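# Below is the sequence, then the predicted model.
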Amino acid sequence: MSKKTLICTGTFYPVQKGGPDNSLYWIVSDYSKKYKNIDITVLSFYDKKFTKSFLDRNIYPNQFKYFDSFKSIYFSYFYKRVISLKFLKFIFFEINKFDTIILNSFFLKSNWLISI
């Protein structure tokens with residue numbers, strides 16, 4: 001049985017807001033290939049400024065994107081990241097299915113809700 005890990009971050013590949021977006025992608029990709037007994041999901045948000053980058057990689061809001069050895073989900077939101085019905089539904093009904101939850105930053109308001 002594989003352990004389920006959730007990584008919560010504000011932005012994630014293919015967003016190009018800074019080095020951590022890509023660094024986290026490469027770390028998760030390598031780690032998930034090396035440790036096959038860990039099922040990794042990355043929770044992020046669909047930044048509309050990067051719509052072209054998302055669509056070029058067949059990434060759509062509120063749907064899982066399956067990479068080689070892990071998956072991610074990019075939640076759409078209204079104005080602020082915590083105002084997302086799909087995100088709220090996920091943290092209330094799906095978050096308990098994960099064995100480990102990694103918060104990328106406690107400064108993200110969305111991670112405050114996850115912590116509670």
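Received it, and whenever you're ready, just let me know what you need.
# And the helices in this structure?
If DSSP state H is used as the criterion, the helices of the chain fall at 19-34, 51-56, 85-93, 109-115.
# Touching, residue 4 and residue 39? I think so.
Yes. Look at residue 4 against residue 39 with Cβ atoms under 8 Å: they come within range, at 4.8 Å. Every C-beta, even on glycine, is put in place using the N, C-alpha and C of the backbone.
# How many residues are close by residue 91?
By the other Cβ atoms under 10 Å criterion, the neighbourhood of residue 91 contains 20 residues.
# bridging residues for residue 38?
Beta-bridge partners of residue 38, counted by DSSP bridges, are residue 3.
# Distance check, it against residue 74.
Using Cβ to Cβ, to the nearest Å, residue 38 is found at 21 Å from residue 74.
# Could you check which of the two is surrounded by more residues?
Taking other Cβ under 10 Å, residue 38 and residue 74 do not tie; residue 74 has more neighbours (25 against 16).
# Okay, and the beta partners of that one?
Listed by DSSP bridges, the beta-bridge partners for residue 74 are residue 44.
# ok, it touching residue 54?
Yes. With contact defined as Cβ under 8 Å, residue 74 reaches residue 54; the gap is 7.0 Å.
# Confirm for me that residue 22 is in contact with residue 12.
No. At 9.1 Å, residue 22 does not count as touching residue 12 under the criterion of Cβ under 8 Å.
# Compare the two (neighbour count), which wins?
The neighbour comparison of residue 22 against residue 12 (other Cβ under 10 Å) goes to residue 12, with 26 against 15.
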